[in-house]
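Chemist: I need the structure of the sequence given here:
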Amino acid sequence: MGLFKKKTDYSYYSSYSSSRRRLKVGRTVIAVIAAVVVILGIIIYFNFNRIQFLMKGYSWSTTSELVRSFDNDEEKELLSHDEMKHILKWVDNSNKVALYDEYEQFYSLHKDMDYEDIVDVVNYIFENQAPSLKSMGYSEKTIWSMLKDGAGKSDLQFLIDNKLTNSQTAPFRKVKGYDLKKINDYIAQYNTVKDYNYAVNIVNYPFIVSSNGQTKAKYNIANPDDYLTLVKKGFYLNDYEPKDLVELDSEYVAPTCDHPQLRKVAAEALVKMIKDAKKEGMYLLLNSGYRSYEEQEKIYQETEQKYGGAYAAEYVATPGASEHQTGLGIDMTSQSVVDKQRLVFGDTTEYKWVVENCAKYGFIVRFTEGTDGITGISHEPWHLRYVGKKVAKEIKDQNWTLEEYCLYKNVIPKFKKD
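Modeler: Sure, this is the predicted structure:
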């Protein structure tokens, strides 16, 4: 028998009691969560627009200003658009909330304008002019398209005053560089030429056809590297020099040639043409290639001094308006002329071969007989211009000058106007 007798424990464990305690705790937690949800719901309900503004990207301070400034309907109007970076400027300058998005869009097109001026212009356009324009078939999308193309209040008013409907102007608005105030002139030209590109371009740049007279304005070419850049009086290269000039080997160059350089693509095409012509018993040579502005200026002055200003103007390109400066203009000759068997290239069988075949290599005869009214340069059978095979073929097939190609195809040089 032990010294101590173990005391019997008569207590017992009740799983029922424990479950009741857990249930009570669970209900309390649910009640707390429900209360939190209700409170959050109330907060969200009364701050729903504020939260949406924040989610769109507006700062807390801007959001607070908007919530203070506008009623619920106005806030919903603002929230129906993307974030407006300059919305507080519109708040300061206008109470016309429905036009805030228009202000923002117009500002993106005219960042040099004052905010107050933007508000005035947009108010006038969309309150006074847009209703009339819409009655003439212009949708709001179309109005914005015209504004993005550079139209202003006076341009839109011109359409309204002249009752020019959307269907009348739409074909001309597809031509890059159109001017709404010239629509009537475009229509008149189209009735003659039946081509929208040509109509717009000949009105905008009448000097492209030289018989229309020279322009007083000076258009400085901004994309001189383009193979199709039109260079003539009116469109000037200034001090441009191609970066990819290469010098032809002497076997492809006339002995008297002082300018044996061409742009790489034109040089390669010319060498291939010379080689192919040789296979048919034709011996072509480069007589003059790239000439700088300074060299063209010297040639013009010498011609003027020797033959007079009228002769120089008709037969020599103005400095800055010479295709030789592009590195794509080529004066050709033949071995028969070099050997004095023929006086001029235009009287050779090689010339006839060039006329028939040069387009296959990407060249055109630039100043053909009878086209001086368009080109401004009298017939030069020796002068070729590289334009690429596809364009050369089309010009030959259509019997066009480069000027006509540019007018019909809307290939107008990019420029900076003096």
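Chemist: where does this protein dip in pLDDT?
Modeler: For the chain, the stretches with pLDDT under 70 are 1-26, 31-32, 34-48.
Chemist: so where do the strands sit in the stretch 301-418 of the chain?
Modeler: 329-334, 363-367, 380-386, 415-417 (DSSP state E, counting those that start in this stretch).
Chemist: mind listing the helices for the stretch 1-150 of the chain?
Modeler: 15-46, 48-56, 60-69, 72-79, 87-93, 100-109, 115-124, 130-135, 140-148 (DSSP state H, counting those that start in this stretch).
Chemist: Please apply the same query to the stretch 151-300 of the chain.
Modeler: Going by DSSP H, counting those that start in this stretch, the stretch 151-300 of the chain shows helices at 153-161, 166-173, 183-193, 196-204, 264-279, 293-307.
Chemist: Which one, of those helices, ends up nearest to residue 315?
Modeler: Taking Cβ to Cβ, helix 293-307 is the member of these nearest to residue 315, at 7.1 Å. In this view, the C-beta of every residue, glycine as well, is placed from N, C-alpha and C.
Chemist: State the distance from the residue positioned nearest the centre of the chain to residue 221.
Modeler: Centrality entry for the chain: nearest residue to the mean C-alpha point is residue 176, 8.0 Å, by Cα atoms, centre = their mean. Using Cβ to Cβ, to the nearest Å, residue 176 is found at 16 Å from residue 221.
Chemist: and what of residue 212?
Modeler: Taken as Cβ to Cβ, the span from residue 212 to residue 221 is 20 Å.
Chemist: the more surrounded of these two?
Modeler: residue 221 (22 against 13; other Cβ atoms under 10 Å).
Chemist: Identify the residues contacting the more buried one.
Modeler: For residue 221, the contact set (Cβ atoms under 8 Å, 6 or more residues apart in numbering) comprises 229, 231, 235-238, 240, 413-415.
Chemist: try 6 Å this time
Modeler: 229, 235, 237, 413, 415 (Cβ atoms under 6 Å, 6 or more residues apart in numbering).
Chemist: Quick check: closest non-adjacent residue to it.
Modeler: Once flanking residues are discounted, residue 221 sits nearest to residue 413: 4.7 Å by Cβ to Cβ, 6 or more residues apart in numbering.
Chemist: out of the contacts of residue 221, which are buried?
Modeler: 229, 235, 237, 413, 415 (16 or more other Cβ atoms under 10 Å).
Chemist: Spatially, which two of these are the most separated?
Modeler: That would be 237 and 415, which, of the buried ones among the contacts of residue 221, are the farthest apart (Cβ to Cβ) at 10.7 Å.
Chemist: Count the residues that sit near residue 208.
Modeler: For residue 208, the neighbour count with other Cβ under 10 Å is 25.
Chemist: So for residue 401, which of the strands of the stretch 301-418 of the chain sits nearest?
Modeler: So among these, strand 363-367 is nearest, using Cβ to Cβ, at 7.9 Å.
Chemist: what's the spacing between the nearest residue to residue 324 once chain neighbours are set aside and residue 257?
Modeler: Leaving aside its chain neighbours, residue 324 sits nearest to residue 291 (4.0 Å; criterion: Cβ to Cβ, 6+ apart). From residue 291 across to residue 257, the span is 11 Å (Cβ to Cβ).
Chemist: Who has more neighbours out of those two?
Modeler: The neighbour comparison of residue 291 against residue 257 (other Cβ under 10 Å) goes to residue 291, with 24 against 18.
Chemist: how about that one, phi and psi?
Modeler: phi -130, psi 140 (degrees, to the nearest 10).
Chemist: buried sites along stretch 217-227?
Modeler: Going by 16+ other Cβ under 10 Å, stretch 217-227 has these buried residues: 219-221, 224.
Chemist: Keep only those of those residues that are in strands.
Modeler: Counting by DSSP state E, the buried residues of stretch 217-227 place 219-221 in strands.
Chemist: What is the nearest of those to residue 355?
Modeler: Nearest member of those to residue 355, counting by Cβ to Cβ, is residue 221, at 28.4 Å.
Chemist: how close does that closest one get to residue 265?
Modeler: 18 Å.
Chemist: ok, the residue nearest to residue 171 when sequence neighbours are not counted - contacts?
Modeler: In this structure, residue 171 finds its nearest non-sequential neighbour in residue 196, 4.8 Å apart by Cβ to Cβ, 6+ apart. Residue 196 sits next to 171-172, 175 when contact means Cβ under 6 Å, 6+ apart.
Chemist: quick one: which of those residues is nearest residue 278?
Modeler: residue 175 (44.5 Å).
Chemist: pretty sure that closest one contacts residue 200?
Modeler: Yes - contact criterion Cβ atoms under 6 Å: residue 175 and residue 200 qualify, at 4.1 Å.
Chemist: Counting neighbours, go ahead and name the busier of those two.
Modeler: residue 200 (28 against 18).
Chemist: so the more buried one sits right up against residue 176, yeah?
Modeler: No - here residue 200 lies out of contact with residue 176, judged by Cβ under 6 Å, at a distance of 8.6 Å.
Chemist: give me phi/psi at residue 322?
Modeler: phi -100, psi 130.
Chemist: gap between it and residue 240?
Modeler: 11 Å.
Chemist: higher neighbour count, the two?
Modeler: Between residue 322 and residue 240, counted using other Cβ under 10 Å, the more crowded position is residue 322 (23 against 19).
Chemist: From residue 263, how far out is the more buried one?
Modeler: Residue 322 is 14 Å from residue 263, by Cβ to Cβ.
Chemist: again with residue 79
Modeler: Residue 79 is 56 Å from residue 263, by Cβ to Cβ.
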